[in-house]
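1. A structural model of the following input is requested.
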Amino acid sequence: MKRLSKILAKRLSVKQKEEIIKCFYSGKTIEKLSIVFNCSKLTITRNLKKSLGEEKYKEIFNKNESLNNLSQKKGT
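-> This next block holds a predicted model:
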């Protein structure tokens, strides 16, 4: 019989959480942060919303999306 192991959400250290917030403020996307910190986009989003609050998270998210869309247009 196969043993099934539980998959637990990765725990981020206080230092990692602080770095995620700093990178998010500087324009890094949720996808890029999930790659850099080797965790899911959901983990990144959940921690940002918890630390920043829903409204501030949305404000920065929208700003980052606008910046990234603008930079993609310049690259084409």
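2. residues in contact with the longest helix anywhere in the chain?
-> For the chain, the longest helix by residue count, based on DSSP state H, is helix 54-75. Here helix 54-75 makes contact (C-beta atoms under 8 Å, 6 or more residues apart in numbering) with 24, 25, 27, 28, 29, 30, 45, 48, 49, 52. The way it works is simple: take the backbone N, C-alpha and C, and place the C-beta from them, glycine included.
3. what is the mean pLDDT for that helix?
-> Helix 54-75 shows a mean pLDDT of 89.
4. widest-spaced pair of the contacts of helix 54-75?
-> 27 and 49 (17.9 Å; C-beta to C-beta).
5. can you classify residue 50 as helix, strand or coil?
-> helix (DSSP: H, G, I helix; E, B strand; the rest coil).
6. residues near it, how many?
-> 11 (other C-beta atoms under 10 Å).
7. quick check: it vs residue 16, distance?
-> 13 Å (C-beta to C-beta, to the nearest Å).
8. can you check residue 39 too?
-> 9 Å.
9. neighbour-wise, which of those two wins?
-> residue 39 (19 against 15).
10. my guess is the more buried one meets residue 11, correct?
-> No: Residue 39 is beyond contact range of residue 11, at 9.3 Å (criterion: C-beta atoms under 8 Å).
11. pretty sure residue 31 contacts residue 40?
-> No: using C-beta under 8 Å, residue 31 is not in contact with residue 40, being 10.5 Å away.
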